[in-house]
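Enquirer: Here's my sequence, what's the structure:
(one chain, ligands or ions: 1)
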Amino acid sequence: MRIFALVGVTVVSTVLAAQGPLPQGYWPESKTQEILAKTQTIRLTPDLSSLTAGEQRAVKELLQVGAIFQDWYEDARHPQALAGRRGLQQLDDRLGHPASTRDLLALYRLNQGPIAVTLDNKREPFLPVDPQVPGRNVYPSGVTREEVEAFLASHPDTREAILAERTVVRRATAENVARDRRVLANGPLGLLHQGVARELERLARTPDPKVLYAVPYAVAYAEPLTRAYEHLTAAADAVDRDDEELARYLRNRARDLLTNDYESGDASWVTGRFKHLNAQLGAYETYDDALFGVKAFPGVSLLLENEQATADLRRRMGALQGIEDALPYEHHKRVRDDISVGVYDVIADFGQARGTNTATILPNDPLFARRYGRTILLRRNILEEPDLFAVDLRVWRAAVAEANAGDLAIEGDFQRTLWHEVGHYLGVDRDKQGRTLDAALEDFSDALEEMKADLVSLFALAAMQRAGSVTPAMLAPRRPPGSGASCST
Ligand SMILES: [Zn+2]
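Expert: Numbering: from 1, shown residues only. Modelled structure (predicted):
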């Protein structure tokens, strides 16, 4: 079976059918083409023939989970995304699949929703939907930061739930509260979320649209998450005999989606040693929340381990505690020496995890990270993708002196990415009051965390050079800052 992930799809149309204009609100062909013409297509086709029959069945189930998460992600980013997509598909069918609507479908896929990033970096709807709002679809439509902050100031006991990473914030209208209560009325969710049920009961007595409340993702997205639970359980059943630890992780993660508590899945993910497959499954990264930067958005990354490269890497990593202890800050933490790190080929990416991510380190939760460690996933078939590297190389050559034009190597990209991720692992993770950096820095936390990772990695490389484990020659080829590929934490 061959599966491909499209990372930035371009459909180059050679058919220029005589088409009338599209209905109001849909971008015309010329505008869509402006963006698609600047888009590069990359096809990832890792060879899955070495997988066992059970693992192949698990891959199919996990791709189903990915599709569910893709819809969830699009819906969480824009309230009209899924309806807009359906409308566009129907229009495309009705018109007989002309270039204009096919290109809009490609644009939708590229942007994972109905809002395009234009060439001058503006966000514009290309379908007849509302403009994008900072709270996306995880805060009440049209709510401002000021309104949320005023509410939190007068209801401080709600702060934790409203700013939690895996809750949706709603206005306490009779309709909203009744809908959430219906979800909890039947099945296991009511039992798992009794506190939420009691709170909803209270709100139902005095509904008030000025009051804000939070529902766990497990309740807000109960229907898709129940389907994801079923596919994850089926994937676990399929690999029970071939990879017991992977099966256990998948079962734990399936339950996490319903309990809205990721501890068991994160623990069995990070400490698990899997045979051939690995998967990032869940809502982890908060980049999409432009209101407070605290809500995690869902993604799936299905990965095939490169066993040889992983074994080599683990040997070379050495002890990290020495680097942690040398960092110029107080209150050092214990770092696990058997840090979970692997080199993978991406089989498919969905939702927040889709794109040209070169590497990931998870989980972000500092308590889980201290208890269980974190896992670093290096994506070899992105890092070594020739067309992506060619983009890096063009930027490099434009920016450096002729004498250094040949210094950038793929190995340099790989090392820089690896140590950037290790940089996330080490260093400060709480402020003086003991708050996590997400809570302390709110919408500045993501940018500062990325800067910290780069600084720690530069510090680590310098320390390793002093210790002799890294030679000056190894440090020479470096990725230029700000180039193509990106990190996902
Ligand atoms: Zn990073």
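Enquirer: Would you map the strands across the stretch 251-400 of the chain?
Expert: Counting by DSSP state E, counting those that start in this stretch, the stretch 251-400 of the chain has strands at residues 277-285, 297-305, 340-351, 357-362, 375-379.
Enquirer: Excluding residues flanking it in the chain, which one is nearest residue 249?
Expert: Leaving aside its sequence neighbours, residue 249 sits nearest to residue 268 (Cβ to Cβ, 6 or more residues apart in numbering; 4.4 Å). Every C-beta, even on glycine, is put in place using the N, C-alpha and C of the backbone.
Enquirer: Quick check: the one you found vs the ion, distance?
Expert: For residue 268, the distance to the ion equals 24 Å [Cβ to the ion, to the nearest Å].
Enquirer: Verify the contact between that residue and residue 246 for me.
Expert: No. Assessed by Cβ atoms under 8 Å, residue 268 is found out of contact with residue 246, at 9.3 Å.
Enquirer: Can you name the helix or strand that the residue of the stretch 51-200 of the chain found nearest the ion falls in?
Expert: For the stretch 51-200 of the chain, the residue closest to the ion is residue 165, as judged by Cβ to the ion, at 17.4 Å. For residue 165, there is no helix or strand it lies in under DSSP states H and E.
Enquirer: In terms of pLDDT, where does residue 387 sit?
Expert: You'll see residue 387 listed with a pLDDT of 91.
Enquirer: Residue 44 is in contact with that one, correct?
Expert: No. With contacts counted by Cβ under 8 Å, residue 387 stays clear of residue 44, the gap being 11.5 Å.
Enquirer: Quick check on those two: which one has the bigger neighbour count.
Expert: residue 44 (18 against 11; other Cβ atoms under 10 Å).
Enquirer: all strands in the stretch 1-150 of the chain, in order from the N-terminus.
Expert: Under DSSP E, counting those that start in this stretch, the stretch 1-150 of the chain gives strands at 5-7, 42-44, 115-117, 123-125.
Enquirer: Tell me how far residue 62 lies from residue 374.
Expert: When Cβ to Cβ, to the nearest Å is the yardstick, residue 62 and residue 374 sit 21 Å from each other.
Enquirer: okay if I get the strands of the stretch 1-150 of the chain as CSV plus mean pLDDT and distance to residue 399?
Expert: Compiled in CSV, the strands of the stretch 1-150 of the chain are given as follows (pLDDT from 0 to 100; distance: least, Cβ to Cβ, whole Å):
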stretch, mean pLDDT, distance to residue 399
strand 5-7, 42, 24
strand 42-44, 87, 23
strand 115-117, 95, 24
strand 123-125, 97, 28
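Enquirer: could you dump those to TSV with distance to residue 292?
Expert: Converted to TSV, those look like this (distance: least, Cβ to Cβ, whole Å):
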stretch	distance to residue 292
strand 5-7	29
strand 42-44	33
strand 115-117	19
strand 123-125	18
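Enquirer: who's in contact with residue 231?
Expert: Residue 231 makes contact with 61-62, 64-65, 68, according to Cβ atoms under 8 Å, 6 or more residues apart in numbering.
Enquirer: Can you tell me which of these has the most neighbours?
Expert: Comparing the contacts of residue 231 by number of neighbours (other Cβ under 10 Å), residue 65 comes first, having 27 neighbours.
Enquirer: hang on, it packs against residue 233?
Expert: No. Taking Cβ under 8 Å as the definition, residue 65 is not a contact partner of residue 233, at 10.4 Å.
Enquirer: quick one: residue 427 and residue 451 touch, right?
Expert: No. Checked against Cβ under 8 Å, the pair residue 427 and residue 451 is beyond contact range at 10.9 Å.
Enquirer: what's the neighbour count on residue 402?
Expert: For residue 402, the tally of surrounding residues (other Cβ under 10 Å) stands at 7.
Enquirer: For it, give me the pLDDT.
Expert: So, for residue 402, pLDDT stands at 92.
Enquirer: ditto for the one 10 residues further on
Expert: Per-residue pLDDT puts residue 412 at 80.
Enquirer: how many neighbours does it have?
Expert: 19.
Enquirer: Next one: it relative to residue 383, how far apart?
Expert: Residue 412 is 11 Å from residue 383, where distance means Cβ to Cβ.
Enquirer: circling back: measure the residue nearest to residue 249 to residue 101 for me?
Expert: Distance, residue 268 to residue 101, by Cβ to Cβ: 44 Å.
Enquirer: more crowded one of those two?
Expert: Legend: neighbour count by other Cβ under 10 Å for residue 268 and residue 101, higher for residue 101 (23 against 20).
Enquirer: my read: that one touches residue 92, true?
Expert: Yes. Using Cβ under 8 Å, residue 101 is in contact with residue 92, at 3.8 Å.
Enquirer: Let me see the contact set for residue 34.
Expert: Counting by Cβ under 8 Å, 6+ apart, residue 34 touches residue 119.
Enquirer: before we move on, the earlier item: when residue 427 and residue 451 are compared, which one has more neighbours?
Expert: Per other Cβ under 10 Å, whichever of residue 427 and residue 451 has more neighbours is residue 427, with 20 against 11.
Enquirer: what about the more buried one, which SS state?
Expert: coil (DSSP: H, G, I helix; E, B strand; the rest coil).
Enquirer: any idea which element the closest residue to it other than its chain neighbours lies in?
Expert: Nearest non-adjacent residue to residue 427, counting by Cβ to Cβ, 6+ apart: residue 456, 4.9 Å away. Here residue 456 sits within helix 445-467, counting by DSSP H and E.
Enquirer: try residue 213
Expert: strand 208-216.
Enquirer: still on that earlier bit, next, work out how far apart the residue nearest to residue 249 and residue 139 are.
Expert: Going from residue 268 to residue 139 by Cβ to Cβ gives 32 Å.
Enquirer: same question, residue 241
Expert: In this structure, residue 241 and residue 139 are 45 Å apart, going by Cβ to Cβ.
Enquirer: Neighbour count: these two, which is higher?
Expert: residue 139 (25 against 10).
Enquirer: residues touching the more buried one, list them.
Expert: 148, 168-169, 291, 295.
Enquirer: if you look at these, which of them are in helices?
Expert: Counting by DSSP state H, the part of those found in helices is residue 148.
Enquirer: still on that earlier bit, adding distance to the ion, write the strands of the stretch 1-150 of the chain out as CSV.
Expert: Shown next, in CSV, are the strands of the stretch 1-150 of the chain (distance: least, Cβ to the ion, whole Å):
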stretch, distance to the ion
strand 5-7, 18
strand 42-44, 21
strand 115-117, 21
strand 123-125, 23
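Enquirer: burial measure for the nearest residue in space to residue 85 that is not next to it in sequence, as a count.
Expert: Nearest non-adjacent residue to residue 85, counting by Cβ to Cβ, 6+ apart: residue 108, 5.9 Å away. Here the number of neighbours of residue 108 (other Cβ under 10 Å) works out to 22.
Enquirer: shouldn't residue 108 be in contact with residue 129?
Expert: No. Using Cβ under 8 Å, residue 108 makes no contact with residue 129, being 10.8 Å away.
Enquirer: Now for these two: what residues contact both?
Expert: Joint contacts of residue 108 and residue 129 (Cβ under 8 Å, 6+ apart) are 84, 114.
Enquirer: ok, the residue of the stretch 251-400 of the chain found nearest the ion - how many residues close by?
Expert: Scanning the stretch 251-400 of the chain for proximity to the ion using Cβ to the ion identifies residue 361 as nearest, at 7.2 Å. A count of nearby residues for residue 361, using other Cβ under 10 Å, gives 24.
Enquirer: I am finished for the moment; much appreciated.
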